[in-house]
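Q: coordinates only, sequence not included:
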């Protein structure tokens, strides 16, 4: 023991953990803190595994469904800090989403039966893939409540497109991506007639209600789904659920599980047992096995039927052409997951204790041999379970979803009822470890764990009920994403993350290094189309054009003024305001709103956005920048003047400011003094190796940008001074100082950065 | 050194930091992790100060403005984890906010000029106070863009009321609360004519444009603002900004700062210097000093003028009655902050390096003595700055907002341009410490730091630009809330929190122990009014009533079925569905939506919510529970059947399930086997001191609730079996098993909890 203590001590001290080392910056030592906060050594170890210090970054970035918020939540792993909330199906005002004209067009793509749908029930995000690996280019996500699919471009984390499923009334199982993002797979949830607005009674459920799977064609170059090149398969009215695309040897095939293959119709109010009883009465449901490559060929050959104008391969055709098969799968499963090597498929039945591992090779052999145990009521060949099984493993109660490790043959399955994660070997069919989570885990997620190259290291348990885990916040509680370290043999729970926004049904995560988003747009870009915006102008080109009752403003935004600062219209005019952010600096977003007219734009550097409204009430309506963009942010304002029809201006002029020569001279002196401060900061920055710090180089560029804006202003204020117009002289001198303040702001930020990041003196 | 190492080692080992201690559960030691992740000892200390282990809770709860999201963000301190996102001014579908009828009524209170405003620009949250201390009962927050104020009840964290300011077109400085929540103070931002829809040209800015402050009367018992008992003060067209209410000796007075007291009107498009130049041309603006208690008396005496139907005390009256005064304050300040003892007021001018500390006693003395240095252009007496000043301290560039420590005389001020926090002594007027933050801090916030009893320990820097701090997420970046430990003499930066949702302008935080929210509602409660909901029913009372073209459904929700499971209407019917959640268990929320009809409800235990829509399209529309509420969540479904007008049912009946006696017997066996599992879990739970764990007691109650629902079902299935109706026999037996699964789920959760939390065997 003595020997061990010595060894431990020297190691700890080598790691800088001695008391002396901490005493220098804090009176409270590590031991003090642990005692005060009741932390165990395990807690400290977990803290060390998840804490990301200031200025450092997370290793993985997770994209979580926002559940009934209709959005996507982006968070870092291992810190579990939410980095962004992306507006997808629901208007999101702080992003201008649904409040500027460009994003309204995206949302309009999601209208159903001619009406706006202002929310979504997002479920399964999926990354675009290249050769079966997540490539960090696009993210897709579905809406269960109003069957739709959205495309998010990961260059700017903005939603670019929403498409409406043409034949479904409900879906759940999207978005699943084929290995080279040829198609995005979306499956029905609750069966309904495929024809739009067509009523059939429930008594005709078996005959007229149908399931389906849609294969959405994705054009990677355009970054858009092509509805006219997409197609669907008609399926029996089993509640189709989640899918996975084959990969490697199974590429070209896709797999979709189902529940309620009993085709039970509830009616508790009529004395019938409820859906939950009838939909889980049998021991097996059906796994759907589909040859999507051949299906696409059949559609190209004109073998599809048009339903609601959309190509649907009917079951009859699919059976005849041999592209659709079923295999029994254990009771009420949620998800089918193809192993990274593409050879096996894992299905977990929520109401069975087993996970079932199917062999793609065996499935193909059965199909090839025409060895079926029978047909379902619609004539689809059913492959015998034992003819397709590789192995089955009893894991526990409520097995639900499976993800894979970077280590061969290692999988993780969530156990909803047991509130556990099971680690197991799917090659040999044995359980390796179990860990309790808090509570009722739905999906789980490993790093790129549903691709051909899982990254291991972390697992996130998507627990549905947090109950006692967090500070109480009323009857509606957060859910709990628990981070689990899977790098060792034993799983270790290391972080509890409350999810404050909707039920985050599923999450995908990617190595941070694979994401390379932009920090600005090319000046004048419509970010939703990635094309030049016709409303864009450059500095000095701002204008207001009135044609009839239409007023169009071409405005610019830059620290800290909006040009124009006055917009004059007549009541009843239709007003469009195009806003171009002239900033080049990272993070210098400006916002824009007009009081009480229910418009808002978030205009990042280079972006052009526009807001449109009818000026239907007389009066004076301030507009302003809604981002705290500089020290003079509050002064970034203007007035929309909505004049009565036919209003004539009087002779009154704007009041003068009563500035004197002394005021002017004081301002000029202030400008000179401030320049001295700027010079001293510049002297410091150029005295060190600032060019080795890209962030500082950007700040310095921005600082000189700002200072550059003073060009011509000296002549201007001196000109006014020569004419003894002290107001204009003083204010234009003041305007130089405004730019100086912004320059100094940037310089000081750069200086701090250099000091804190070990900049070195250069000659 | 040797001696020290020994000492350090023994201390570390005493703290359980030895290698052996960690080796038991992880192959990777603390040192390994630090090395792998590049953590310094300071990082580890910071991690230990902020990490909250699973099952433990945060010490403080922060309520942050959600900026242009229009919402409120709730997060825990020190973990900086977001716990909830409260829908306030913007529809928030996952909460049903704006998608159920009850919350639509709250949002309707915020309509302006008869139109919905579907977002807000939230700025300053404020807690209700009792004797100058935050009491944890209510939170108020304002909307700058569309001048409104909202009331959030902290019993359930729901928004209960939105009121529209009757005379403003823009505001910024709300919500500030008087020491016993008599009034909530809201001040104009950009001046405009006070009369609604009244146009005056900018040339009449000085004469016709006005500022104002509104004092909203709050009825604590009802939890509502009383607009008819509220009043405003007419003020000069200076951009009034933030306020603070006096406390202790200064109770009865309030203070409001301003900028652009130059009354400058910009017009850069016409060659005039922009607002930013003209609004900051003078060295001082005006601090407004108002006797609100006397103002309220004057209003009660009928001395107010009605503008837009609202009581406004005109400047003339306020001057005559001696309730309104001005004091010069340094250039373009943002905020005035009264010290905890109520004796001093701190103002920081963003374009001045000083903070100015004013003495309330001196101000009162000057007023009493009638000692003024002059009047402003509107005749308001101006107190000399030097007659009111206690002290001035030069802090740095861009001082903005001040908060207080629990230690006497200690204040913290944000420095926007310097990107620093300054710690200083406001009694003696000296700087104590400075800390760099990342970057451009706006407001800052200490724990209950704007009340009479600040709690010290933590400070949050609300930085506007995060730039390089986080993983990149596109041009629109998160902001950065940095947590600073202020318990020691030197401030220590310990955590960077990305803010992923709007510009969180200001935040307030409260001791977690002061919040005591409910976990459920009394059954049948309309949560927005806290009154019984007329649409509520109990189990067994569900019904559908049709009158003319109006269909009203009285439905219930419970794991895992919706009653009714079929809703039949004719096309064109107006459908109202009332939903009562019958659960008593904590966290057992159910959601509800009908496919493509754009409605959604989040129904927490006990709540009754309703959705309403016109069934304007024929067809079949699934409805389902949108919360992952149990293992059978997906089966919690039903169908809305929208029939063509005059549709007549055929003779076809629902298909039978072809169940046999063997199926029935197998189900009965499963029920018996499952009961054995339940019994064994119950045996474990009752073998330990589970009654010492309130969360477990709740789970056990819930488990017996679920099991209790099987009552009568055994007789039912046996009755059907006697009649050889194997379908009904089997399915009702299956329904027993469904409840058993939920019972087992709860029991296993309780068991895990007990095992992990050191439950002890009892006799």
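A: Great, that's in hand. In this text, all values refer to a predicted model and were calculated from it rather than measured experimentally.
Q: Now do the phi/psi pair for residue A:701.
A: phi -60, psi -50 (degrees, to the nearest 10).
Q: Help me confirm that it comes into contact with residue A:584.
A: Yes. The criterion here is C-beta atoms under 8 Å, and residue A:701 meets it with residue A:584 at 7.3 Å. From N, CA and C alone the C-beta is placed, and that goes for glycine too.
Q: With neighbour numbers in mind, choose between the two.
A: residue A:584 (16 against 13; other C-beta atoms under 10 Å in any protein chain shown).
Q: Do you know the pLDDT at the more buried one?
A: At residue A:584, the pLDDT value in this model is 91.
Q: how about the strands in the stretch 551-700 of chain A?
A: For the stretch 551-700 of chain A, strands defined by DSSP state E, counting those that start in this stretch occupy the ranges A:561-563, A:566-570, A:574-581, A:590-594, A:601-603, A:608-614, A:619-624, A:637-643.
Q: ranking those strands by burial, who's on top?
A: strand A:601-603 (a mean of 30; mean count of other C-beta atoms under 10 Å in any protein chain shown).
Q: which strands and helices sit next to it?
A: strand A:574-581, strand A:590-594, strand A:608-614 (3 or more C-beta pairs under 8 Å, 6 or more residues apart in numbering or on different chains; DSSP states H and E).
Q: The ones you listed into TSV, with extra columns for distance to residue A:645 and mean pLDDT?
A: As requested, the helices and strands packed on strand A:601-603 are arranged in TSV below (distance: least, C-beta to C-beta, whole Å; pLDDT from 0 to 100):
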stretch	distance to residue A:645	mean pLDDT
strand A:574-581	14	98
strand A:590-594	20	98
strand A:608-614	14	98
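Q: Quick one: closest of these to chain B.
A: Of all those, strand A:590-594 sits nearest to chain B, with 4.7 Å by C-beta to the nearest C-beta.
Q: Per the annotation, how does chain A divide into domains?
A: A:60-514, A:525-643, A:661-756 (automatic domain parsing).
Q: about what we covered before: rebuild the helices and strands packed on strand A:601-603 as JSON lines, extending it with distance to residue A:65.
A: Output for the helices and strands packed on strand A:601-603, formatted as JSON lines (distance: least, C-beta to C-beta, whole Å):
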{"stretch": "strand A:574-581", "distance to residue A:65": "31"}
{"stretch": "strand A:590-594", "distance to residue A:65": "27"}
{"stretch": "strand A:608-614", "distance to residue A:65": "27"}
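Q: Now render those strands as TSV, adding distance to chain B.
A: Compiled in TSV, the helices and strands packed on strand A:601-603 are given as follows (distance: least, C-beta to the nearest C-beta, whole Å):
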stretch	distance to chain B
strand A:574-581	9
strand A:590-594	5
strand A:608-614	10
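Q: Which of the domains of chain A sits closest to residue B:608?
A: domain A:60-514 (12.6 Å; C-beta to C-beta).
Q: Adding distance to residue B:250 as columns, could you present the strands of the stretch 551-700 of chain A in a markdown table?
A: A markdown table is the format used below for those (distance: least, C-beta to C-beta, whole Å):
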| stretch | distance to residue B:250 |
| --- | --- |
| strand A:561-563 | 37 |
| strand A:566-570 | 40 |
| strand A:574-581 | 43 |
| strand A:590-594 | 35 |
| strand A:601-603 | 40 |
| strand A:608-614 | 43 |
| strand A:619-624 | 31 |
| strand A:637-643 | 31 |
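Q: what's the closest of those to residue B:30?
A: Judging the strands of the stretch 551-700 of chain A by C-beta to C-beta, what sits closest to residue B:30 is strand A:601-603, at 42.7 Å.
Q: That closest one - what's its average pLDDT?
A: Taken as a whole, strand A:601-603 has a mean pLDDT of 98.
Q: strand partners of that strand, parallel vs antiparallel please.
A: strand A:590-594 (antiparallel) (DSSP bridges).
Q: just how off-centre is the strand it pairs with within its chain?
A: 23 Å (C-alpha atoms, centre = their mean, to the nearest Å).
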